[in-house]
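# what shape does this take:
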Amino acid sequence: MSRRLLILGLESSCDETAAAVVDAGARVRSNVIASQDDLHAEFGGVVPEIASRAHVERLTPVVRRALVDAGVVLTDLDAIAVGHRPGLIGSLLVGVAAAKALAWSLDIPLLGVDHVHAHLYAGALDRVDPPAFPALGLVVSGGHTAIYRLDSWLVITRLGSTLDDAVGEAYDKAAAILGLPYPGGPRLDTLAQGGDDRAHDFPVSRLGPDSLDFSYSGIKTALLYAVRGTPVRTAGATRFPRDHTHLTDHDKADLAASFQRAAIDAIFLKLRRALERTEDCRSLLVGGGVSANSRLRRELPALAEAYGLDLRLPALRHCMDNAAMIAGLAHHRLDAGAVDDLSLQAMPTTAR
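Next up, the predicted model:
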């Protein structure tokens, strides 16, 4: 077990305002998340300006609640960690500014953490046994779909990523095509469980025979045409002959199930390719919002068993953006002496 260190983590990369206190890199003492779904629902997606203003309003109450839930006060903390990349720049700036202020005022270390890399850590939270390295990592979320090789928690190499839509973004767009309310991904997953996943033969993106990259634009377009028909041009305008209102509930369930099968099959295709060329991997680390998907969680254990891997799936409460994963990964940065100073910058893109 890692030595005891209390780290307060802050997360504000998109539309969740989160704070958490984690002990020794694994024991989650508190994990508070303020969702903004209600603010963005009428727009069908996250509005950056609204998100950043909401972070300003919610961050202080969320931090206070995290401290109370953890049974600690600010002076008990050993370090402050913050997700400083990637994400919406206005949202990131709120969290980074708050983290700097806390670290400076308490005279304790400041630790910047890559939000995507932290998702890979989510499955290690509340576990006393660390995963074995090297490991293969998969991040599947609304903004990211990527495969990584991890030689340690701090040595992470990206092997492949999406060329267009992330899988979570594709889910949300597919849900909108089917007329489901925002946020659509979880609702599509629920709808798919009552449908026939072979009713429609949507394409599974393969790209090149050796590619570990992803593409979800093709399946999204295939679903669009299946729902609305082939567009026609009349009177100088392009129109679809129908929309989701022409579908029965049974039709929608079959479309959702078929979409989900193809979307998840693409992930497993690339995971198998990656495992065939990284034969020394001993663990499979999975994280991101889509790691809560029912089909993915159902099928991953069989894949891990077939390759002799220790599968680390996060608890459902740690799949979405949260600050516990930020604080947990920061523990290893602090142990290694990888401390930041007040010049730490918010960055919209992730490291490779």
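# could you pull out the strands for the chain?
For the chain, the strands defined by DSSP state E cover 6-11, 16-23, 27-35, 79-85, 110-114, 135-140, 145-150, 156-161, 232-234, 237-239, 283-287, 310-312.
# closest one to residue 268 among those strands?
Closest to residue 268 of the strands of the chain, according to C-beta to C-beta: strand 135-140, at 10.0 Å. For every residue, glycine as well, the C-beta is placed using N, CA and C.
# partner strands of that closest one, with direction?
Strand 135-140 pairs in its sheet with strand 145-150 (antiparallel), strand 283-287 (parallel), by DSSP bridges.
# in that strand, what counts as buried?
Within strand 135-140, the residues scored as buried using 16 or more other C-beta atoms under 10 Å are 135-140.
# same check on stretch 168-186?
Result for stretch 168-186 [16+ other C-beta under 10 Å]: buried residues 168-178, 180, 182-186.
# tally up the residues packed near residue 342, please.
10 (other C-beta atoms under 10 Å).
# on that earlier part again, can I get the buried residues of strand 135-140 in a markdown table including distance to residue 71 and pLDDT?
Compiled in a markdown table, the buried residues of strand 135-140 are given as follows (distance: C-beta to C-beta, whole Å; pLDDT from 0 to 100):
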| residue | distance to residue 71 | pLDDT |
| --- | --- | --- |
| 135 | 33 | 98 |
| 136 | 37 | 98 |
| 137 | 32 | 98 |
| 138 | 34 | 98 |
| 139 | 32 | 98 |
| 140 | 34 | 97 |
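# could you measure from the spatially closest residue to residue 47 that is not a sequence neighbour over to residue 344?
Once flanking residues are discounted, residue 47 sits nearest to residue 40: 5.9 Å by C-beta to C-beta, 6 or more residues apart in numbering. With distances taken as C-beta to C-beta, to the nearest Å, residue 40 is found 28 Å from residue 344.
# distance check, the most centrally placed residue in the chain against residue 97.
For the chain, the residue nearest the mean C-alpha position is residue 288 (2.6 Å; C-alpha atoms, centre = their mean). Applying C-beta to C-beta, the value for residue 288 to residue 97 is 26 Å.
# residue at max distance from the center of the protein?
Centroid-distance maximum for the chain: residue 235 at 43.5 Å, with C-alpha atoms, centre = their mean.
# out of the strands paired with strand 135-140, nearest to residue 263?
Between the strands paired with strand 135-140, strand 145-150 lies closest to residue 263; by C-beta to C-beta that is 9.9 Å.
# show residues contacting that closest one.
116-117, 120, 133-139, 156-162, 166-168, 212, 214, 216, 267, 270-271, 274, 278, 281, 285, 290 (C-beta atoms under 8 Å, 6 or more residues apart in numbering).
# kindly supply the ChimeraX command isolating those of those that are buried.
A single ChimeraX command selects the buried members of the contacts of strand 145-150 (16+ other C-beta under 10 Å):
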select :116,117,120,133,134,135,136,137,138,139,156,158,159,160,161,162,166,167,168,212,214,216,267,270,271,274,281,285,290
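# tell me where the stretch 251-352 of the chain has helices.
With helices called from DSSP state H, counting those that start in this stretch, the stretch 251-352 of the chain shows them at 294-306, 324-335.
# show me what the longest one is packed against.
Of the remaining helices and strands, those touching helix 294-306 by 3 or more C-beta pairs under 8 Å, 6 or more residues apart in numbering; DSSP states H and E are helix 184-192, helix 249-277, strand 283-287, strand 310-312.
# related to what we said a few turns ago, dump the helices of the stretch 251-352 of the chain to CSV, plus mean neighbour count.
Output for the helices of the stretch 251-352 of the chain, formatted as CSV (neighbours: other C-beta atoms under 10 Å):
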stretch, mean neighbour count
helix 294-306, 15
helix 324-335, 28
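# out of these, which is closest to residue 32?
Here helix 324-335 is closest among these (C-beta to C-beta), at 9.5 Å.
# who does that closest one touch, helix- and strand-wise?
Helix 324-335 packs on strand 6-11, strand 16-23, strand 27-35, strand 79-85, strand 110-114, helix 115-121, going by 3+ C-beta pairs under 8 Å, 6+ apart.
# turn these into CSV, columns for mean pLDDT and distance to residue 224.
Formatted as CSV, the helices and strands packed on helix 324-335 follow (pLDDT from 0 to 100; distance: least, C-beta to C-beta, whole Å):
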stretch, mean pLDDT, distance to residue 224
strand 6-11, 98, 33
strand 16-23, 97, 29
strand 27-35, 96, 28
strand 79-85, 98, 32
strand 110-114, 98, 33
helix 115-121, 97, 28
